[in-house]
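Novice: let's see this in three dimensions:
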Amino acid sequence: MNESTQQQVFEIIAKQAKIEIAIIKPESTLKDLGIESLEAIELIFDIEEHFDINFPDQQGANFDSDTAKSLVDAVQKALDDKAAASEGSN
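Specialist: Okay, the predicted model is just below:
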């Protein structure tokens, strides 16, 4: 996993949840971090905008079970897919 991707995602989560980044652990769920469903939707938008990616719709956040790590993994996959797509279009 790309450490800087995780760091950036955690920073966005911390900002959205108004918590210290040190509180966020890879296994923390969005619910654990006090992020409500509406905030999570904003969080997804912020992450997509920050990384210039789009999550597939079915990858919407599940607040009870989605962990910070699963969010990082989704970002990394979207970045990898984007990189692969741009390589393919050269």
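Novice: residue 42 touches residue 17, doesn't it?
Specialist: No. The pair residue 42 / residue 17 is not scored as a contact, 10.7 Å apart, by CB atoms under 8 Å. All C-beta atoms are positioned from the backbone trio N, CA, C, and that covers glycine.
Novice: among the two, which residue is more densely surrounded?
Specialist: Between residue 42 and residue 17, counted using other CB atoms under 10 Å, the more crowded position is residue 17 (21 against 12).
Novice: so who does the more buried one touch?
Specialist: By CB atoms under 8 Å, 6 or more residues apart in numbering, the contact set of residue 17 is 33, 34, 35, 39.
Novice: list the contacts of residue 82.
Specialist: When contacts are counted by CB under 8 Å, 6+ apart, residue 82 touches 52, 53.
Novice: go with 6 Å
Specialist: Residues counted as contacts of residue 82 (CB atoms under 6 Å, 6 or more residues apart in numbering) are residue 53.
Novice: do residue 68 as well
Specialist: Shown in contact with residue 68 (CB under 6 Å, 6+ apart): 24, 26, 28.
Novice: which among these gets closest to residue 70?
Specialist: The closest of the contacts of residue 68 to residue 70 turns out to be residue 26 (CB to CB; 8.8 Å).
Novice: for residue 87, see how far away that closest one is.
Specialist: Separation of residue 26 from residue 87 (CB to CB, to the nearest Å): 29 Å.
Novice: now do the same for residue 76: its pLDDT.
Specialist: Confidence at residue 76, expressed as pLDDT, is 94.
Novice: show me where this structure has its helices.
Specialist: In order along the chain, the chain carries the following helices (DSSP state H): 3-17, 37-51, 68-88.
Novice: give me the spatial nearest neighbour of the residue nearest the centre of the chain, chain neighbours excluded.
Specialist: Geometric centre of the chain, nearest residue: residue 71, 3.7 Å, by CA atoms, centre = their mean. Leaving aside its sequence neighbours, residue 71 sits nearest to residue 9 (CB to CB, 6 or more residues apart in numbering; 5.7 Å).
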